[in-house]
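Q: Next comes the sequence, and after it the predicted model I'd like to discuss.
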Amino acid sequence: MKKYIRKGSVVILDFGGQYAHLIGRRVRECGAFSEILPPETPAILLKGAAGIILSGGPQSVYDRGAPQGDRKIFELGIPVLGICYGLQWMAKILGGEVKAGKTKEYGRTQIKNLECKMQNVPEEFTVWMSHGDEVVKVPEGFVQAATSDACANAAIADEKRKFYGVQFHPEVTHTEYGTQILKNFVGLCDAAPWSVQSFHQEIREQVRKDAGTYNVFMLVSGGVDSTVAFALLNEVLGQDHVQGLLIDIGLMRKGEIREVQDAFKKVGMTNLHVEDASDEFFSALKDIYDPEEKRKIIGKAFLNVQHRVCVKKLARKTKNWLLGQGTIYPDTIETGGTAHADHIKTHHNRIPEIQSMIDRGEVIEPLKDLYKDEVRRLGEELGLPHELVWRHPFPGPGLAVRILCVPEDSHVMVRKRGLGMTKHVILPIKSVGVQGDSRTYKHAIVLFSDSKLPAEEHWNLATEIPNKYPNINRVLFCLSHTEPLEFVLTPGYVTRERADLLRTADNIIDEEMRAADLYEKIWQFPVVLLPVGIKTGGESIVLRPVESTEAMTANAARLPEAMLHHIAEELLALPGIDAVFYDLTSKPPATIEWE
Ligand code: XMP
């Protein structure tokens with residue numbers, strides 16, 4: 001547990017929802033530093049906080065083992081905002097009553113802002129609800145502030161003590177005036193002003209302190225985070241004390257290594273060593289198909305290569321070294337970094353070997369308190385090229401988590417199955433998703449239509465199907481065929497040939513996006529290779545463009561029809577590609593990556 005918090009920050013006690021980082025991100029947009037801590041954090045530790053936000057969570061406050069906070073936080077004399085579970089927990093602790101609601105409210109709901117208690121927002125507006133329980137009796141001192149058809153206490157307030165609660169989620173973009181509501185709350189807190197620019201200076205001092213007399217050995221992946229972290233370490237410690245290693249794992253995007261090298265040279269950094277270890281990575285991944293296993297193997301292979309290069313080639317330069325990593329703030333939540341969020345994916349920066357190094361104080365992570373867009377702004381301040389800093393996020397394990405694999409004994413013919421709706425097939429391939437707060441590993445369904453273009457009906461089905469059918473977490477639309485096909489599954493692993501094929505497809509998409517001026521409007525556009533074709537050995541491509549802030553939730557991006565047609569044609573012309581699918585699923589229930 002953390003021993004101190006930053007004075008004047010707004011602390012978010014994370015009761016286990018997936019949205020804690022969204023709240024954190026929005027608070028920073030309001031100009032205050034935010035920190036996410038476990039719900040049981042003792043009140044005494046929160047003494048210097050400017051305000052406390054109690055997050056949502058998947059449980060009912062009456063469940064056995066439901067997360068509990070320290071009730072003394074209500075005696076600290078600072079503003080508190082409870083959101084969903086946070087509101088219910090606060091109401092219960094302060095003497096109110098919570099019960100299972102008559103109707104569960106999920107999705108968009110209209111609320112009435114009673115007597116305009118919520119400032120700077122209209123009398124009626126739309127919010128995002130996701131709850132079964134509700135507050136049926138408000139605690140003493142509180143009044144009802146907003147109401148919806150299904151929930152009398154959609155918002156409550158005790159203006160005197162500055163305690164507020166909302167049943168809806170102001171942090172998600174579906175809530176109109178959500179940012180305004182958080183801004184109102186942050187405005188009541190006596191928060192220390194915060195900005196990336198002011199934090200830059202602080203990070204510099206922290207890096208100096210953490211590095212001490214050590215040199216830093218930094219793995220640069222080609223992604224935004226490690227690139228910015230490397231540039232920052234160079235700026236603070238100087239080139240003689242930092243050594244960068246870019247390991248070519250054979251699973252990067254086309255031209256990526258050259259682009260990164262050129263960018264660093266442009267700003268005068270020449271301390272980046274490139275090591276081609278692709279053979280080693282492909283042989284370590286031989287016969288592996290489980291997504292988590294892949295990540296662990298890649299994490300270990302990174303360490304092996306780094307150790308070899310460090311010890312053998314750069315020993316003199318990097319004696320007494322620390323390991324630098326580009327880990328950013330949200331990288332920890334999906335690894336169970338917050339106590340009550342279920343495990344979704346292991347981040348390759350948090351495999352057990354790295355964790356032990358962190359525990360021994362051998363790792364330096366200068367960006368670990370920043371969100372992605374803050375990292376990007378810092379990168380620009382450091383003089384890195386705009387195009388490099390605004391590149392789409394790319395997972396550390398690279399294309400490995402976009403090349404789906406199936407073991408040798410999986411020669412399964414796909415059956416058309418009747419779910420009593422539009423033309424479809426269920427693929428035997430499973431992919432990772434997140435439902436409630438848990439990781440899922442379920443099938444994808446493919447929808448077909450005569451026009452080979454998704455209509456409103458298909459977008460609606462993308463929401464409805466995963467809700468209705470418990471074995472499905474992803475809904476695809478087929479851009480290459482009009483009728484359900486007898487798809488054939490071919491066993492396959494992460495090989496150089498498959499990586500080359502995917503790299504070519506990925507590059508086609510990249511160029512199309514830039515030509516259509518869509519690159520910076522889309523958060524990320526994974527292109528995924530599935531070992532599913534029309535004949536044995538055939539493969540398919542999945543397009544997964546998403547719009548997002550911080551990747552905690554995402555919506556599938558709607559691409560122009562002409563572009564979809566064109567991309568499908570180009571991809572089908574690649575040797576070995578039999579079909580092209582468009583992933584229409586949001587996160588949740590699917591994750592952004594397929595693995
Ligand atoms: P998901 O798929 O969980 O992804 O919705 C959220 C964000 O994390 C990235 N991602 C990773 N990044 N190592 C990384 O460095 C990983 O193992 C990893 N897995 C997912 C993903 O690209 C998205 O931006």
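A: Perfect, I can see it now. This one's a predicted model, so the numbers in the text were calculated from it and none came from an experiment.
Q: Helix, strand, or coil at the residue lying closest to L94 once chain neighbours are set aside?
A: In space, not counting the residues next to it along the chain, L94 is nearest to P139; the distance is 3.7 Å by C-beta to C-beta, 6 or more residues apart in numbering. Just so you know, the C-beta spots here come from the backbone N, C-alpha and C atoms, and that holds for glycine as well. Following DSSP: H, G, I helix; E, B strand; the rest coil, we place P139 in the coil state.
Q: do the same with the one 5 residues further on
A: When states are read from three-state DSSP, the local structure at Q144 comes out as strand.
Q: And for it, the neighbour number?
A: By the criterion of other C-beta atoms under 10 Å, Q144 has 16 neighbours.
Q: can the top helix by length along the chain be found next to the ligand?
A: For the chain, the helix reaching the highest residue count under DSSP state H is reported as helix 496-515. No. In terms of C-beta under 6 Å from any ligand atom, no part of helix 496-515 sits within range of the ligand; the closest distance is 13.0 Å.
Q: Give me the contact list for that helix.
A: Contact partners of helix 496-515, identified using C-beta atoms under 8 Å, 6 or more residues apart in numbering, comprise 250-251, 253-255, 278, 282, 399, 402-403, 492, 519, 522, 525, 527-529, 539, 541, 543, 563, 566-567, 570-571, 574, 576-577.
Q: Count the neighbours of L518 for me.
A: When neighbours are counted by other C-beta under 10 Å, L518 registers 16.
Q: ok, now how distant is it from the ligand?
A: 17 Å (C-beta to the nearest ligand atom, to the nearest Å).
Q: Regarding that residue, which helix or strand does it belong to?
A: Taking DSSP states H and E as the definition, L518 sits outside all helices and strands.
Q: which residues touch it?
A: For L518, the residues meeting the contact criterion (C-beta under 8 Å, 6+ apart) are L559.
Q: R544 and T591 touch, don't they?
A: No. With contact defined as C-beta atoms under 8 Å, R544 does not reach T591; the gap is 9.9 Å.
Q: What residues of stretch 287-294 count as buried?
A: By neighbour count on 16 or more other C-beta atoms under 10 Å, the buried set for stretch 287-294 is I288, Y289, P291, K294.
Q: quick one: terminal-to-terminal distance for it?
A: Across stretch 287-294, the terminal residues are separated by 10 Å (C-alpha to C-alpha, to the nearest Å).
Q: Run through who's touching it.
A: Outside of stretch 287-294, the residues within contact range by C-beta under 8 Å, 6+ apart are 285, 297, 345-346, 397, 400-401, 405-407, 432, 493-494, 595.
Q: Let's see that with 6 Å instead.
A: Residues from elsewhere that reach stretch 287-294 (C-beta atoms under 6 Å, 6 or more residues apart in numbering): T346, A400, C405, V406, P407, E595.
Q: Look up how far R503 lies from the closest residue in space to the third one that isn't next to it in sequence.
A: Spelled out, that is C405. In this structure, C405 finds its nearest non-sequential neighbour in Y289, 3.6 Å apart by C-beta to C-beta, 6+ apart. For Y289, the distance to R503 (C-beta to C-beta, to the nearest Å) stands at 20 Å.
Q: Show me where the protein dips below the pLDDT cut-off.
A: In the predicted model, the chain carries pLDDT under 70 at residues 1-2, 313-319, 332-348, 411-421, 436-437.
Q: chain center to the longest strand seen in it: distance?
A: Taking DSSP state E as the assignment, the strand of the chain that covers the most residues is strand 97-113. The chain centroid and the centroid of strand 97-113 are separated by 27 Å, computed with C-alpha atoms, centre = their mean, to the nearest Å.
Q: Only the buried subset of the contacts of helix 496-515, as a ChimeraX command please.
A: A single ChimeraX command selects the buried members of the contacts of helix 496-515 (16+ other C-beta under 10 Å):
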select :250,251,253,278,282,399,402,403,492,519,522,525,527,528,529,539,541,543,567,570,571,577
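Q: Wait, a strand at R161?
A: No. Inclusion of R161 in a strand is not indicated when three-state DSSP is applied; the result is coil.
Q: roughly how far apart are it and P79?
A: Taking C-beta to C-beta as the measure, R161 and P79 are separated by 8 Å.
Q: Kindly report the same for L323.
A: If you measure L323 against P79 using C-beta to C-beta, the figure is 40 Å.
Q: What of F264?
A: The gap separating F264 from P79 is 45 Å, by C-beta to C-beta.
Q: Show me what residue of the stretch 151-300 of the chain gets nearest to the ligand.
A: Scanning the stretch 151-300 of the chain for the residue nearest the ligand gives R295, at 5.1 Å (criterion: C-beta to the nearest ligand atom).
Q: what are the phi and psi angles of that residue?
A: According to degrees, to the nearest 10, the main-chain angles of R295 amount to phi -60, psi -40.
Q: right, and it touches P397 too?
A: Yes. Here R295 lies in contact with P397, judged by C-beta atoms under 6 Å, at a distance of 5.4 Å.
Q: And the two? Which one has more around it.
A: The residue with the greater number of neighbours, taking R295 and P397 and applying other C-beta under 10 Å, is P397; the counts read 27 against 22.
Q: Hmm, that one is touching K296, no?
A: No. Applying C-beta under 6 Å as the test, P397 and K296 come out as separate, 9.7 Å apart.
Q: Output the set of residues of the stretch 151-300 of the chain in proximity to the ligand.
A: R295.
Q: hey, where'd the helices end up in the stretch 301-450 of the chain?
A: For the stretch 301-450 of the chain, the helices defined by DSSP state H, counting those that start in this stretch occupy 352-359, 372-381, 386-389.
Q: Can you check which of those gets nearest to the ligand?
A: With distances scored as C-beta to the nearest ligand atom, the stretch of the helices of the stretch 301-450 of the chain nearest to the ligand is helix 372-381 (8.2 Å).
Q: Give the residues shared as contacts by R544 and T591.
A: None of the residues lies in contact with both R544 and T591 under the rule C-beta under 6 Å, 6+ apart.
Q: So these two - more neighbours on which side?
A: Ranked by neighbour count (other C-beta under 10 Å), R544 and T591 place R544 first, with 28 against 24.
Q: Next up, the contacts around the residue of the stretch 401-550 of the chain found nearest the ligand.
A: Among residues of the stretch 401-550 of the chain, the one nearest the ligand by C-beta to the nearest ligand atom turns out to be Q524. It sits 5.4 Å away. Shown in contact with Q524 (C-beta under 6 Å, 6+ apart): H392, P393, V546, I592.
Q: Pop out the phi and psi values for the closest residue to it other than its chain neighbours.
A: Spatial nearest neighbour of Q524, excluding adjacent residues (C-beta to C-beta, 6+ apart): H392 at 4.6 Å. Geometry field for H392 lists phi and psi as phi -60, psi 150, criterion degrees, to the nearest 10.
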